[in-house]
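S.K.: Attaching a predicted model along with its sequence, questions to come.
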Amino acid sequence: MIHSLLARYHQGSHTIDYPREPAPEMDARYQGRPIIDQKRCQGQECTICLDCCPGAALKREPTGLLCIDMGRCLFCGACVRQCPRHALSFSRDFRLATGRRDQLIVNGVEPPTDVRLDQLRRKLFHRSLKLRQVSAGGCNACEADTNVLGTIVYDLGRFGIGFVASPRHADGILVTGPVSINMKEALLATYKAVPEPKVVIATGACAISGGLFRGHPETLAGLDEILPVDLYVPGCPPHPMTILEGLLQLVGIAPRDLSKE
Amino acid sequence: MIEGAVTIRNKEFFPLQDIPCLPLHKFQVALSAGLAAGLFLAALPKLYGRKEKKEVIAVLRHDQRRRLYLLRTEIPSRWPSLAREFPQIAPFERELAEESGCVLQDHPQPAPLRYLPQTGTAADEAGRYIGSQSFLQAEGEEMHEVAVGPVHAGIIEPGHFRFLCHGETVFHLEIALGFQHRGIEAALRNRIPDQRMLMLMETLAGDTTIGHSLAHCQALEALAGITVPERAMDIRAIALELERIANHVGDLGAMAMDVGYAPTASFCGRLRGAFLNITAMLCGNRYGRGIVLPGGVGHDLDEDRIGTMVDQVKKHFIDVTEAATLLWNTPSVMARFEETGRLSRKQAKDLGLVGPAARACGREIDNRVDFPTGSYRHHRLPVSVWFTGDVHGRAFVRWLEIKRSVAFVLARLQDLPGREEQTSLGRLPADQCIVSLVEGWRGSICHVAVTGPEGEIRTYKVVDPSVHNWPGLALAVRGESIMDFPICNKSFNLSYCGHDL
Ligand code: SF4
Ligand code: SF4
């Protein structure tokens, strides 16, 4: 007993004070919100980055602007490495989650947008949001980084957010994976078992768009093919901070201060 | 040594046409002889891209001789199962049956492994679906079944467990998987290796990103005949050991959690993340995406980064030591760990278990020593074995491995040779077959690649250690109280996505 108390003392406290304090700094090699320097991009005739992208996340708009779909991006950095004019880079901004699919398609200059639930659900879930996690295909890294939110570092419970064992106890589902055909039925049954009103969260490129597995006959191309999604958390996998920040936006804790951007 | 077999080493390719195609009878006799002599089945891949014939290759592993044996035959419409005599072959035969459509004769558990034959998906028109196979049944007073999943209680992947219980005692457990099946192997076929293929490897199992990408890159490099600079090999080995440390630390925490011992559970939960963050210092990604590339590594390390990494590893290792020591010194934890979920050495051998699960039963097998590649050829790690075969054994082997991996990582970090240079792959030779083995944190990872006439990948077979070890879990809970299932399960901590592909 005394040993475990001493150990407890020695291990110290590690819970981050986010959002009261800024989040701990990301490593310099971390790839967050993409930045595209349109002035450097050679425009229409160049397709180097488009060709090397494994997720088909880059597109050129009719206007000639290059844009990136964060819902498909695997944050692999191939485009950054291949662009001869260094037009693409990744910032260390981890605030990537949005409430609308189209807001994930950026041309690399916009700041993050607002995430809003309707008033009823925001009021209901502001102080208590219980989620059932469903894993449907994917590689388990998204689940692992969601699980991390339960450790003492992030301590999700202090925001009233938590994961529960049964959909009947839940206010919503958090889904990872592209939705494998083999899991579709179980996912829909879980969704149905959650009482109304409920929220649906798509975590990771897989759940948003099918990600790397987009187009495989064994999977769907993301969750919004079958369910209405309230929050998209991009990344492959998203950093735990990205998921945490997204969840806080969803329930209206510490909204993003967009005036400063 | 085995009649009709071709002998190769790890990462040595061999022309496909020179592997003799044996008649089924001879193939099975040779395979049985090999297994009876103590060899292991590492993979049983069906060959794709040959319309005329359906063929299969058996890859056998001889750990002491450090050799691999390849046997080849044509797949018949009815496959006489060898699984009753050699249980380790059971999952491979099920895989073969669903991929080739052959019927298994006299197989103890002929259910599909990942999907239904021919449909490629969960259900067919007849209304059969994954997990709906007929499970073993028994009748009598106090006999009952417990069905769990596919959606489980925690944040965990899907699978269906069917327990056949007598009161609280588990008589039998059947595990139905395949829910995570997302068609990775099919997506690899008939393609020239590229960034997308590498990423499919990195996402075979998110927690084994480095293990699988390393097995893949090793295979491609050997095929292309390029050598990787020593510095890159060391960085890869550092990454692989960091992956092992992070996962083992997480597992010790998860096991503590399942016996209700909060201190170690909470310390290790944090420390696992701390080691993932050290991996992120290598490449920006906590799981090691983008470290291992064909021909080298994605990022080099400068003195500053090396210094920080060394400090971090040392600092967190002190905390891990404390957290782990608490486990061994707490009688209430040991009372739950010891004698629970016990497997004998013979059972481990018969089932073909790999990794810490096998080493906890006294099996001295470790690809880093038996089939060393890269840095492991010059820097030997001792094989961590224990003899109890129970939950405690599996926990303790993890702790031994953490210690040894930390020492290895520190030594390699402080002695990185030369400069990093990236070599490019070039075209792969036509119609060759290669086997690549890596010791991932769960155990032996085996990739088999066969190229086509243009140097494209024709067949790619991935064997995650979980394929070998899931039957081990099913056997370990036999005779245990059903309440001990979670702790047994955590002590194996197997991958669903790595199994389902
Ligand atoms: S980082 Fe994203 S946009 Fe760039 S190549 Fe990779 S997947 Fe495509
Ligand atoms: S989004 Fe990426 S990390 Fe998440 S499950 Fe899919 S492949 Fe894995």
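M.R.: Happy to help now that I have it. Ligands and ions are numbered 1, 2, ... in the order given.
S.K.: And the helices in the stretch 401-501 of chain B, which stretches?
M.R.: Taking DSSP state H, counting those that start in this stretch as the criterion, the stretch 401-501 of chain B carries its helices at B:465-476, B:485-492, B:497-500.
S.K.: ok, the nearest residue to residue B:229 once chain neighbours are set aside - contacts?
M.R.: Spatial nearest neighbour of residue B:229, excluding adjacent residues (Cβ to Cβ, 6 or more residues apart in numbering or on different chains): residue B:421 at 5.4 Å. For glycine as for every other residue, the C-beta is placed from the backbone atoms N, C-alpha and C. Residues near residue B:421 by Cβ atoms under 8 Å, 6 or more residues apart in numbering or on different chains: B:229, B:232, B:296.
S.K.: Equivalent analysis for residue B:205, please.
M.R.: A:139, A:140, B:212, B:464, B:466, B:495, B:497, B:498.
S.K.: In TSV, list those residues along with pLDDT, distance to residue B:138 and neighbour count.
M.R.: Below are those laid out as TSV (pLDDT from 0 to 100; distance: Cβ to Cβ, whole Å; neighbours: other Cβ atoms under 10 Å in any protein chain shown):
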residue	pLDDT	distance to residue B:138	neighbour count
A:139	91	37	36
A:140	90	34	27
B:212	95	39	26
B:464	94	32	29
B:466	94	28	27
B:495	92	30	25
B:497	92	32	31
B:498	91	32	28
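S.K.: which one among those gets closest to residue B:183?
M.R.: When these are compared for distance to residue B:183 (Cβ to Cβ), residue B:497 comes out closest, at 12.2 Å.
S.K.: you'd agree that closest one is up against residue B:180?
M.R.: Yes. Under the criterion of Cβ atoms under 8 Å, residue B:497 makes contact with residue B:180 at 4.4 Å.
S.K.: Show me what the strand ranked longest in chain A is packed up against.
M.R.: Taking DSSP state E as the criterion, chain A has its longest strand at strand A:129-135. Other helices and strands packing on strand A:129-135, by 3 or more Cβ pairs under 8 Å, 6 or more residues apart in numbering or on different chains; DSSP states H and E, are helix A:141-147, strand A:161-163, strand A:172-176, helix A:181-193, helix A:240-251.
S.K.: Any residues of chain A in contact with ligand 1? List them.
M.R.: By Cβ under 6 Å from any ligand atom, the residues of chain A that approach ligand 1 are A:52-55, A:57-58, A:68, A:73-79.
S.K.: Narrow the residues you listed to those in helices?
M.R.: A:52, A:78, A:79 (DSSP state H).
S.K.: Would you format those as a markdown table with neighbour count, pLDDT and distance to ligand 2 included?
M.R.: Below are these laid out as a markdown table (neighbours: other Cβ atoms under 10 Å in any protein chain shown; pLDDT from 0 to 100; distance: Cβ to the nearest ligand atom, whole Å):
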| residue | neighbour count | pLDDT | distance to ligand 2 |
| --- | --- | --- | --- |
| A:52 | 17 | 88 | 18 |
| A:78 | 22 | 87 | 15 |
| A:79 | 26 | 89 | 17 |
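S.K.: Closest one of these to chain B?
M.R.: Proximity to chain B was ranked across those by Cβ to the nearest Cβ; first place goes to residue A:78, at 5.2 Å.
S.K.: thought the closest one was touching residue A:55?
M.R.: No. Taking contacts as Cβ under 8 Å, residue A:78 lies outside contact range of residue A:55: 9.3 Å.
S.K.: outside of stretch B:262-278, which residues touch it?
M.R.: A:4, A:7-8, A:11, A:14, A:27, A:148, A:150-153, A:240, B:242, B:245-247, B:249-250, B:252-254, B:256-257, B:286-287, B:309, B:312-313, B:316, B:319-320, B:322-324, B:326-327, B:333.
S.K.: The residue of chain B positioned farthest from its centre: which element?
M.R.: Using Cα atoms, centre = their mean, the residue of chain B lying farthest from its centre is residue B:141. It sits 39.6 Å away. Using DSSP states H and E, residue B:141 falls within no helix or strand.
S.K.: how close does it get to ligand 2?
M.R.: Distance check for residue B:141 against ligand 2: by Cβ to the nearest ligand atom, to the nearest Å, it reads 45 Å.
S.K.: Can you tell me, leaving aside adjacent residues, what's nearest to whichever residue of the stretch 401-501 of chain B sits closest to ligand 1?
M.R.: Residue nearest to ligand 1 within the stretch 401-501 of chain B (Cβ to the nearest ligand atom): residue B:422, separated by 17.5 Å. In this structure, residue B:422 finds its nearest non-sequential neighbour in residue B:296, 4.4 Å apart by Cβ to Cβ, 6+ apart.
S.K.: Isn't that neighbour up against residue B:423?
M.R.: Yes. In this structure, residue B:296 is within contact of residue B:423 by Cβ under 8 Å, at 6.3 Å.
S.K.: which neighbours do these two share?
M.R.: B:228, B:229.
S.K.: Quick check: residue A:80 vs residue A:44, distance?
M.R.: From residue A:80 over to residue A:44 the distance is 20 Å, taken as Cβ to Cβ, to the nearest Å.
S.K.: Neighbour count: those two, which is higher?
M.R.: residue A:80 (17 against 9; other Cβ atoms under 10 Å in any protein chain shown).
S.K.: quick one: the more buried one and residue A:90 touch, right?
M.R.: Yes. Counting by Cβ under 8 Å, residue A:90 is a contact partner of residue A:80 at 6.6 Å.
S.K.: Could you report the neighbour count for the residue nearest to residue A:211 when sequence neighbours are not counted?
M.R.: What sits nearest to residue A:211 in space, not counting adjacent residues and going by Cβ to Cβ, 6+ apart, is residue A:205, at 3.4 Å. Other residues within reach of residue A:205, judged by other Cβ under 10 Å, total 34.
S.K.: Likewise for residue B:171?
M.R.: 16.
S.K.: And the residue lying closest to residue B:205 once chain neighbours are set aside, how close does it get to residue A:180?
M.R.: In space, and not counting its chain neighbours, residue B:205 is closest to residue B:498: 3.3 Å by Cβ to Cβ, 6+ apart. Noted for residue B:498: a distance of 14 Å to residue A:180, by Cβ to Cβ.
S.K.: next one: residue B:355
M.R.: For residue B:355, the distance to residue A:180 - Cβ to Cβ - is 26 Å.
S.K.: try residue A:85
M.R.: 39 Å.
S.K.: Looking at these two, which has the bigger crowd around it?
M.R.: residue A:180 (31 against 12).
S.K.: who touches residue A:69 in this structure?
M.R.: The contact partners of residue A:69, by Cβ under 8 Å, 6+ apart, come to A:57, A:58, A:59, A:104, A:105, A:209.
S.K.: how about the strands in the stretch 301-450 of chain B?
M.R.: B:432-439, B:444-451 (DSSP state E, counting those that start in this stretch).
S.K.: Grab the CA positions of the last one and hand them over as CSV.
M.R.: Output of strand B:444-451 as CSV, limited to C-alpha atoms (Å, rounded to 0.1, in the frame of the first residue of the first chain):
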residue,chain,number,x,y,z
SER,B,444,6.2,-12.9,-36.0
ILE,B,445,5.0,-10.9,-38.9
CYS,B,446,5.3,-12.7,-42.3
HIS,B,447,4.8,-11.1,-45.7
VAL,B,448,4.9,-13.2,-48.9
ALA,B,449,5.1,-11.4,-52.2
VAL,B,450,5.0,-12.8,-55.7
THR,B,451,5.8,-10.6,-58.7
